[in-house]
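K.L.:
heads up, no residue letters with this:
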């Protein structure tokens, strides 16, 4: 809401106070002051195959229910993961996060972006 009424000076001071973050809490990149975005080197979790390892980079915030679900499981950007099994035709992926294995539906796995290990 404040996006259109903040001065550039106040915006810079807020960013400095927050440690000049480069990504929001869901992992989406924050543009620089000159509106440049870092190159996206991520891929959908759904694109990985069994045995592939990666780091969760971000989760789409277009569906808050997905964010709440992952949060309840303790899954957040920065988490290390390994795909254990992948069912065909958009079926679930079975993914290890630490010692826990979770079945993640195809739509959810498509909304999760990862960086290959």
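P.N.:
Sure thing, it's come through. Since this is a predicted model, take the numbers as computed values, not measurements.
K.L.:
after the worst-scoring helix or strand of the chain on mean pLDDT comes which helix or strand?
P.N.:
Across the helices and strands of the chain, the lowest-confidence element by mean pLDDT, DSSP states H and E is helix 8-17, at a mean of 79. For helix 8-17, the following helix or strand on the C-terminal side (DSSP states H and E) is strand 43-44.
K.L.:
after that following strand, next one along is what?
P.N.:
Scanning forward in sequence from strand 43-44 by DSSP H and E, the next helix or strand is strand 53-59.
K.L.:
Output the contacting helices and strands for that next one.
P.N.:
helix 64-73, strand 80-86, strand 112-116 (3 or more Cβ pairs under 8 Å, 6 or more residues apart in numbering; DSSP states H and E). (Glycine included, C-beta is placed from N, CA and C.)
K.L.:
got a list of what the residue lying closest to residue 62 once chain neighbours are set aside touches?
P.N.:
Leaving aside its chain neighbours, residue 62 sits nearest to residue 111 (7.5 Å; criterion: Cβ to Cβ, 6 or more residues apart in numbering). By Cβ atoms under 8 Å, 6 or more residues apart in numbering, the contact list for residue 111 reads 44, 59-60, 62-63, 66.
K.L.:
low-confidence ranges in the chain?
P.N.:
Within the chain, the segments meeting pLDDT under 70 span 1-3, 23-28, 30-32, 38-39.
K.L.:
wait, isn't residue 102 in contact with residue 84?
P.N.:
No: in this structure residue 102 lies outside contact range of residue 84 using Cβ atoms under 8 Å: 9.6 Å.
K.L.:
neighbour count winner among the two?
P.N.:
residue 102 (17 against 14; other Cβ atoms under 10 Å).
K.L.:
Dig out what the more buried one forms beta bridges with.
P.N.:
According to DSSP bridges, the partner residues bridging residue 102 are residue 95.
K.L.:
I'd like to know how far it sits from residue 33.
P.N.:
38 Å (Cβ to Cβ, to the nearest Å).
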